[in-house]
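J.: Return atomic coordinates for the entry below.
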Amino acid sequence: MKKRAWVIWIFLTALLLIFRLQEGLAGIIIEEVIREVDGSTSKVIHYFSENQFRTDHPAAGMTIIINFKEDRMVMIDHRSKSYVETRFSKWEKEIEENIKKSIPRIKPKERKVVVRSTGENAYINAFQTEKIEIRVNGELIEENWVTKDVDIREVEKVMEKVARSFSKDIRAGMKEGREIYEKLKVHGFPILIKDYTMTYGLGPIDVSEVKRLEKKELKEEVFLPPSDYKRIEPRPSKK
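T.: Below you'll find the predicted structure:
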């Protein structure tokens with residue numbers, strides 16, 4: 001089932017969020033709710049700070065932490081009170097190899113991307129937002145309600161490290177996604193996203209809504225596994 005949570009953007013589409021990098025900003029916490037076409041919902045919480053990123057999926061009992069400076073990735077299973085730690089660069093290489101095996105090496109056709117303002121405005125979760133439509137070859141694929149009320153440079157700084165870490169081949173395959181981001185970011189930060197890609201304009205298959213965005217200093221333990229959890233050695237990759 002397709003998820004529009006930011007963790008999917010990070011790990012499977014190798015985004016994006018590239019410019020306006022500045023030092024000395026406080027951390028940011030973003031809490032969002034994902035609603036699927038079948039009506040099911042799930043909460044995702046993201047933490048951004050300097051060289052570190054964390055995402056929590058409470059319903060699944062899972063947490064993923066990345067420390068870019070130390071090239072470390074931690075995957076935590078709260079239900080079993082255990083975690084696996086590996087090098088982020090190693091994980092990235094394995095993802096690249098899996099993508100090459102599962103996706104034919106066919107050069108994607110260039111498509112025309114149009115990101116336009118509709119002039120519609122609304123308050124969503126205390127944010128003043130504007131409706132932006134994204135069309136590819138004339139087909140509506142996304143509806144974004146964006147705001148300029150928040151400063152997300154800390155998020156962009158962390159995401160830049162993610163984007164840089166992925167290989168050239170993976171980044172090349174995500175060219176269209178990056179083009180959409182570059183055209184969308186001038187309008188603001190998405191508070192509500194409706195994704196129409198799987199229903200061809202007939203209705204949103206997936207909705208991502210930011211419920212809370214808080215800027216605050218984050219303690220180091222936020223980016224560490226609980227001290228009473230058991231570390232498990234990762235299984236060797238199958239060749």
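
J.: mind checking how far E130 is from V74?
T.: Taking CB to CB, to the nearest Å as the criterion, E130 is separated from V74 by 38 Å. Yep, even glycine has a C-beta here, placed from its N, CA and C like the rest.

J.: now the helices: where do they sit in this structure?
T.: Assigned helices in the chain, in chain order: 6-13, 88-102, 153-165, 168-173, 175-184 (criterion: DSSP state H).

J.: between those, which has the poorest average model confidence?
T.: Comparing mean pLDDT across the helices of the chain, the lowest value falls on helix 6-13: a mean of 39.

J.: measure stretch 133-147 end to end?
T.: End-to-end distance for stretch 133-147: 14 Å, by CA to CA, to the nearest Å.

J.: contact partners of it?
T.: By CB atoms under 8 Å, 6 or more residues apart in numbering, the surrounding residues in contact with stretch 133-147 are 111-116, 118, 122, 124, 127-132, 176, 180, 184, 187-197, 200-201, 204.

J.: Give the ChimeraX command for selecting the buried subset of those.
T.: What follows is the ChimeraX syntax selecting those of these that are buried according to 16 or more other CB atoms under 10 Å:
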select :113,115,127,129,130,131,132,180,184,187,188,189,190,191,192,193,194,195,196,197,204
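
J.: In strands only, show me the contacts of stretch 133-147.
T.: Counting by DSSP state E, the contacts of stretch 133-147 place 113-116, 118, 122, 124, 127-132, 189-195 in strands.

J.: so who does V115 touch?
T.: I132, E133, I134, R135, I180, K183, L184, H187.
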